[in-house]
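everything below, folded, please.
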Amino acid sequence: MYKLLLLEDDFSLVDGLMYSLKKNGFDLEVAGTIREAEKLVAGHTGFDLFLFDVTLPDGSGFVLCEKLRKAGNRTPIIFLTASDEETSIIRGLDGGGDDYITKPFKLGELCSRIRALLRRSNLGDSGGREEVFCSGELLVNLVEGRAFLNGEPLELTGAEYRLLCLLLNNSGRVLTRSMILDRLWDGSGSFVDDNTLSVYIHRLREKLEKNPSCPEHLKTVRGIGYQWRE
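Below you'll find the predicted structure:
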């Protein structure tokens with residue numbers, strides 16, 4: 001049974017989430033404040049996934065996420081928030097979040113996204129076919145789940161890492177936006193909008209390309225999607 005930590009101060013929402021998540025086979029711990037969540041994380045090493053609200057009585061879920069990532073905690077994080085503004089999405093993903101769902105949401109959709117993220121959290125997107133991807137000065141070690149550029153480790157979120165593996169595994173092939181969303185989020189693509197994918201592409205270019213505004217490798221195929229070129 002997967003163990004989840006829910007950080008949420010709207011207890012009318014908590015009741016529904018507890019019922020639905022437990023019915024779907026998840027073990028759930030609940031915190032109503034940042035401080036409570038930090039105590040639970042410090043006391044339990046077995047959490048498989050975090051569900052973080054953004055606006056809490058004593059702080060921000062974004063800040064807690066950033067703090068956990070700096071401490072080396074790689075547990076997958078899904079943000080639950082009422083804000084669907086692009087700036088908010090960027091803040092959450094740049095801080096190390098793996099997924100973002102806006103309120104109100106369907107409980108069935110949330111459970112599907114949790115299961116998809118748990119399946120992928122330690123697998124990258126290799127399907128076990130290769131152990132290493134190489135492209136010029138870029139190397140991805142699938143066994144260790146780490147990426148290196150010019151011998152230096154790259155700081156990638158889980159979602160960035162999965163996207164990079166998907167692109168490298170299909171080097172030279174044009175991937176449509178819907179294909180990428182389907183592979184990364186295990187659905188029809190309706191769970192994640194184009195803005196979120198654009199954020200991931202932008203962030204990868206910033207980390208991988210010498211000139212992100214004129215990329216050599218992660219190319220946009222106008223009107224279709226993206227392609228990784230050697």
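
tell me, what residue is most central in the protein?
Closest residue to the average C-alpha location of the chain: residue 98 at 1.7 Å, with CA atoms, centre = their mean.

I figured that residue hits residue 114, correct?
No. If you go by CB atoms under 8 Å, residue 98 and residue 114 don't touch, sitting 10.7 Å apart. From N, CA and C alone the C-beta is placed, and that goes for glycine too.

and the residue nearest to the centre of the chain, what are its phi and psi?
phi -100, psi -20 (degrees, to the nearest 10).

check contacts around it.
76-78, 117, 157-159 (CB atoms under 8 Å, 6 or more residues apart in numbering).

you'd agree residue 91 is up against residue 60?
No. The criterion here is CB under 8 Å, and residue 91 misses it with residue 60 at 9.1 Å.

okay, and the beta partners of the residue nearest to residue 30 when sequence neighbours are not counted?
Nearest residue to residue 30, sequence neighbours excluded (CB to CB, 6 or more residues apart in numbering): residue 6, at 4.9 Å. As for beta bridges, residue 6 partners with residue 30, residue 51 under DSSP bridges.

what about residue 6, neighbour count?
As a burial measure, residue 6 scores 24 neighbours (other CB atoms under 10 Å).

can you show me the strands along this structure?
3-7, 27-31, 49-53, 55-56, 59-60, 77-81, 99-102, 132-135, 138-141, 146-149, 152-153, 174-176, 218-221, 225-228 (DSSP state E).

so what secondary structure elements neighbour the third one?
I take that to be strand 49-53. Counting contacts by 3 or more CB pairs under 8 Å, 6 or more residues apart in numbering; DSSP states H and E, strand 49-53 is packed against strand 3-7, helix 61-70, strand 77-81, helix 107-120.

each with direction, which strands does the third one pair with?
It refers to strand 77-81. Counting by DSSP bridges, strand 77-81 is paired with strand 49-53 (parallel), strand 99-102 (parallel).

go through these and name the closest to residue 145.
strand 49-53 (16.6 Å; CB to CB).

what does the closest one contact?
By CB under 8 Å, 6+ apart, strand 49-53 touches 2, 4-10, 17, 37, 61, 64-65, 68, 75-81, 97, 114, 117-118, 121.

give me the PyMOL select line for those residues, limited to the buried ones.
Remark: buried members of the contacts of strand 49-53, expressed as a PyMOL selection using 16 or more other CB atoms under 10 Å:
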select buried, resi 2+4+5+6+7+8+9+17+37+61+64+65+68+75+76+77+78+79+80+81+97+114+117+121
